[in-house]
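# Below are the sequence and a predicted model; questions follow.
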Amino acid sequence: MDKSNRPFLKSKRSFRRRLPPIESGDRIDYRNMSLISRFISEQGKILSRRVNRLTLKEQRLITIAIKQARILSLLPFLNNEKQFEKTEATTRTTTTGLITINQTK
């Protein structure tokens, strides 16, 4: 049989098995910042379980560790670096009772 005559047979694709994001020796703890920082987005949000490829138990432990690190000020609650870049600096000068606002970019 030709391949054209076998429409329902799937082709065998080779795939590369991904490594688990948490090794067996890694301890999920609020002090392990190198591990925790892998599961936080640039904005400071906790990434979803589907993106992290974690089990439900691992995701719960990571979430608790991130929240504990935030409370203890080891991690920021929000990462607003982009917000500060977008704000415009405003300077105010007063001249004889009139307020003029000069905006600089």
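Yep, that arrived.
# Apart from its neighbours in sequence, what residue is nearest Gln59?
With sequence-adjacent residues excluded and distances taken as CB to CB, 6 or more residues apart in numbering, Gln59 is closest to Arg49, at 4.3 Å. For glycine as for every other residue, the C-beta is placed from the backbone atoms N, C-alpha and C.
# How many residues are close by that neighbour?
16 (other CB atoms under 10 Å).
# Just confirm it contacts Arg60, I think it does.
No - look at Arg49 against Arg60 with CB atoms under 8 Å: they stay out of range, at 9.3 Å.
# so where's this protein uncertain?
1-11, 81-105 (pLDDT under 70).
# That one: strands as residue ranges?
Secondary structure of the chain (DSSP state E): strands located at 89-95, 98-104.
# Please go through the chain and pick out the longest helix.
Using DSSP state H, we find that the single longest helix of the chain is helix 56-71.
# For it, C-alpha coordinates in CSV please.
The C-alpha coordinates for helix 56-71 follow below in CSV (Å, rounded to 0.1, in the frame of the first residue of the first chain):
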residue,chain,number,x,y,z
LEU,A,56,-1.4,20.5,40.9
LYS,A,57,0.5,19.9,44.2
GLU,A,58,3.7,21.6,42.9
GLN,A,59,1.7,24.6,41.7
ARG,A,60,0.0,25.0,45.1
LEU,A,61,3.4,24.9,46.8
ILE,A,62,4.9,27.4,44.4
THR,A,63,2.0,29.8,44.9
ILE,A,64,2.2,29.6,48.7
ALA,A,65,6.0,30.2,48.5
ILE,A,66,5.6,33.2,46.2
LYS,A,67,2.9,34.7,48.5
GLN,A,68,5.1,34.2,51.5
ALA,A,69,8.1,35.8,49.8
ARG,A,70,5.9,38.8,48.8
ILE,A,71,4.7,39.2,52.4
